[in-house]
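In: Give me a 3D structure for the following:
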Amino acid sequence: MYSPLQLGLLTGKMKPGQHFDASDLRSTNRLFKPEAVTKVNEFLNKIKPLAESKNATLGQLVLRWTLAQPGITVALVGARNPEQAVQNAKTVDIQLSFEEVDFINKQLQTLNLA
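Out: Below is the predicted model:
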């Protein structure tokens with residue numbers, strides 16, 4: 001399954017040990033285990049200053065980075081409410097330089113979730 005915000009994980013709002021109901025597919029996904037969430041949050045903390053410099057949320061920065069990838073022309077993003085839809089749409093206003101995309105790529109390479 002593909003999800004540009006990895007079911008909310010890349011928004012920075014999830015903490016290690018967060019509980020998911022058994023019916024929630026995140027309850028069995030290895031990316032939502034406490035140690036993986038800790039690593040993802042460390043990655044997000046590294047790119048957070050870039051998001052702040054763009055007056056963007058982490059989710060918006062991740063979406064913009066996704067759209068900057070070669071061959072990607074659209075990202076399908078869900079929203080639970082109208083405010084999330086508006087925030088997601090504002091992603092198109094964010095510009096990332098080649099150097100900024102490269103910086104995120106390098107931080108992502110250090111994530112090591114294998």
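
In: ok, and for the helix or strand where residue 41 lies, which residues are buried?
Out: Assigned by DSSP states H and E, residue 41 belongs to helix 34-53. Residues 36-37, 39-41, 43-44, 46-47, 50-51 are the ones in helix 34-53 that count as buried (16 or more other CB atoms under 10 Å). The way it works is simple: take the backbone N, C-alpha and C, and place the C-beta from them, glycine included.

In: quick check: mean pLDDT across stretch 29-39?
Out: On average, the pLDDT along stretch 29-39 is 90.

In: Where does the residue in the chain sticking out farthest from the centre sit: helix, strand or coil?
Out: In terms of distance from the mean C-alpha position of the chain, residue 22 ranks first, at 23.2 Å (CA atoms, centre = their mean). Following DSSP: H, G, I helix; E, B strand; the rest coil, we place residue 22 in the coil state.

In: remind me which residues of the protein are low pLDDT?
Out: 1-2, 114 (pLDDT under 70).

In: all helices of it, in order?
Out: Secondary structure of the chain (DSSP state H): helices located at 34-53, 58-67, 82-89, 98-109.

In: can you give me the angle the last one makes with helix 34-53?
Out: Spelled out, that is helix 98-109. 170 degrees (axes from the mean of the first three to the mean of the last three CA atoms, to 10 degrees).

In: Packing partners of the helix holding residue 41?
Out: Packed against helix 34-53 by the contact rule (3 or more CB pairs under 8 Å, 6 or more residues apart in numbering; DSSP states H and E) you find helix 58-67, helix 98-109.

In: Looking at these, which is nearest to residue 84?
Out: helix 58-67 (8.6 Å; CB to CB).

In: Quick check: residue 7 touching residue 26?
Out: Yes: taking CB atoms under 8 Å as the definition, residue 7 is a contact partner of residue 26 at 5.6 Å.
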